[in-house]
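Trainee: coords please:
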Amino acid sequence: MAKIILIETSTDLCSVAISDNDRIIAYKESSTPRAHASLTALFVHELLKEQGLKLSDCDAVCVSKGPGSYTGLRVGVSTAKGLCFGGKLPLLAAGTLDVLVWQAIDRHLLPEGCKYIVPMIDARRMEAYTAVFSAEGRQITETKPEIFVPESFGQYLSEGKVLFIGDAAKKCSDVVRNDNAVFCQCFPEASAMLTPALTEYKEKRLQDVAYFEPFYLKEFVATASRKKIF
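Mentor: Numbers count the residues shown, from 1 in each chain. All right, here's what the predicted structure looks like:
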C-alpha cells in the first residue's frame, strides 16, 4: 500500500496527518487564527520526526483542494507542492466536500435511516459551498454556492434523514427547520482524508505538481486597503 502525507487547510482548522496503508498513524491540528502559513509545514516536519520517517519514506502527498478559504487553500497547496518537489513525490488532491462526507461515514456520524449527506463549507453571510451526496459517499449534485432559505434541500428532506455537516451547518440549522434534518457543526480534518486519498492513489489520479490549482469555486477578488499609507 502506501504512506501518504495528508494536508487539510481549507477552513479555520489547520490539520496534517500521515497514513500508513489503511490507517492514520499521526495527526496534528490547530485552530489558531491565521496561523496556517506558519504551522502547516511545521506540522509535517514534526509528524515525520515523531514517526522516525524521512520525506523520501512517503509515497505521496494529498491536499484538500477546496472549495474553501482562498488563503487556506493557497497555503495547503503551496506546502504540498513544496513537499512533492523536494521529495520527488506524486501529488494527490481530494475535494473538501468529499473529506467531510467521509468524516461522517468513517466516524459513524450518520443518523439511522440517513438517505443523504450534505457537506457544507462556510462562504460567509447565509451562503455555503455545498453539494448533495448519497449516504454511501457518491456525489449526486454539482458543487455550488447555496444561499439558505427555509425551503432549501426540501426535495431530499422529504425522502428521509439528511445529515448536514461542516462549518456552515449551524447557520443552516437556523434557517432550514425540518424533523429529518440532522446537523453536525465541524471542520474538515486531514485524518478524514484517508479514504479519498487512497482512492486517488490506487486509481493513479495524479495531479500536475507545476500547474495544479485549488478549486476556489468563486473567483477571488482583491480589494483595495482602506488604510491611509500617506
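Trainee: Can you list the residue ranges for helices in this structure?
Mentor: 36-50, 70-87, 96-106, 154-157, 169-173, 194-202 (DSSP state H).
Trainee: From the chain's centre, how far out is the fourth one? Work that out for me.
Mentor: This points to helix 154-157. Chain-centre distance of helix 154-157: 24 Å, with Cα atoms, centre = their mean, to the nearest Å.
Trainee: Show me what the residue nearest to residue 167 when sequence neighbours are not counted bridges to in the sheet.
Mentor: Once flanking residues are discounted, residue 167 sits nearest to residue 122: 4.8 Å by Cβ to Cβ, 6 or more residues apart in numbering. Where C-beta positions appear, they are placed from N, C-alpha and C, glycine not excepted. Counting by DSSP bridges, residue 122 is bridged to residue 128.
Trainee: Quick check: pLDDT value at residue 122.
Mentor: Note on residue 122: pLDDT of 96.
Trainee: Which one, of the helices of the chain, ends up nearest to residue 128?
Mentor: helix 169-173 (6.8 Å; Cβ to Cβ).
Trainee: May I have that closest one exported as PDB, CA atoms only?
Mentor: The C-alpha trace of helix 169-173 is given here as PDB (Å, rounded to 0.1, in the frame of the first residue of the first chain):
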ATOM      1  CA  ALA A 169     -24.100  23.500   9.500                       C
ATOM      2  CA  LYS A 170     -25.000  25.700  12.400                       C
ATOM      3  CA  LYS A 171     -26.200  28.700  10.300                       C
ATOM      4  CA  CYS A 172     -28.000  26.300   8.000                       C
ATOM      5  CA  SER A 173     -29.900  24.900  11.000                       C
END
